[in-house]
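In: Below are the sequence and a predicted model; questions follow.
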Amino acid sequence: MDTITKILKEKGQRFTSQKKEVFCILKHKPQTVLEILNSLTAKNYLMDKTTIYRILMSFEELGLVREVNLGDREIRYELANNEHHHHLVCEKCRSIEDVELNEAELLREVKNQSSFKIKSHSLEFFGICKKCQ
Ligand SMILES: [Zn+2]
Ligand SMILES: [Zn+2]
Ligand SMILES: [Zn+2]
């Protein structure tokens, strides 16, 4: 049994085919509800926005999915199974890549410069991806 099936089972939930589809689409890249809807439609899988939203909320509650903010007011969702990381966003094709940074030094510097109690941070990079160059 894979992890997600196990987590859902522990919470008394079933890994329905609808949940499977949403989960599968999120494997590729962070997406908005509308993008998920379009991806599903492209696969001839019909699901309404409310259902997708409800699935995302339940995934988020279980810690399977997290919100990604790329500074454009859109909320995207991505699978939360990987390490803390940042994003590279292509301004031409809007593709999104993950990048992991060694940021201990940076975090220490921020801490030294303020008495702010930091809970989280996001740091995204914008430019042109390899394919679009
Ligand atoms: Zn970071
Ligand atoms: Zn691109
Ligand atoms: Zn990511």
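Out: Happy to help now that I have it. Ligands and ions are numbered 1, 2, ... in the order given.
In: buried residues in the longest helix seen in the chain?
Out: Ranked by residue count under DSSP state H, the longest helix found in the chain is helix 49-61. Going by neighbour count (16 or more other Cβ atoms under 10 Å), the buried part of helix 49-61 is 52, 55-56, 59. Bear in mind the C-beta positions are built from the backbone N, C-alpha and C, glycine included.
In: repeat for stretch 89-107
Out: Neighbour-count burial for stretch 89-107 [16+ other Cβ under 10 Å]: 89-90, 96.
In: so how far is the first residue of that stretch from its last?
Out: Length of stretch 89-107, first residue to last, Cα to Cα, to the nearest Å: 22 Å.
In: Helices of the protein, start to end?
Out: With DSSP H as the criterion, the chain has helices spanning 3-10, 17-26, 33-42, 49-61, 104-113.
In: Which strands or helices does the fourth one pack on?
Out: Secondary structure elements in contact with helix 49-61, counted by 3 or more Cβ pairs under 8 Å, 6 or more residues apart in numbering; DSSP states H and E, are helix 17-26, helix 33-42, strand 65-69, strand 75-79.
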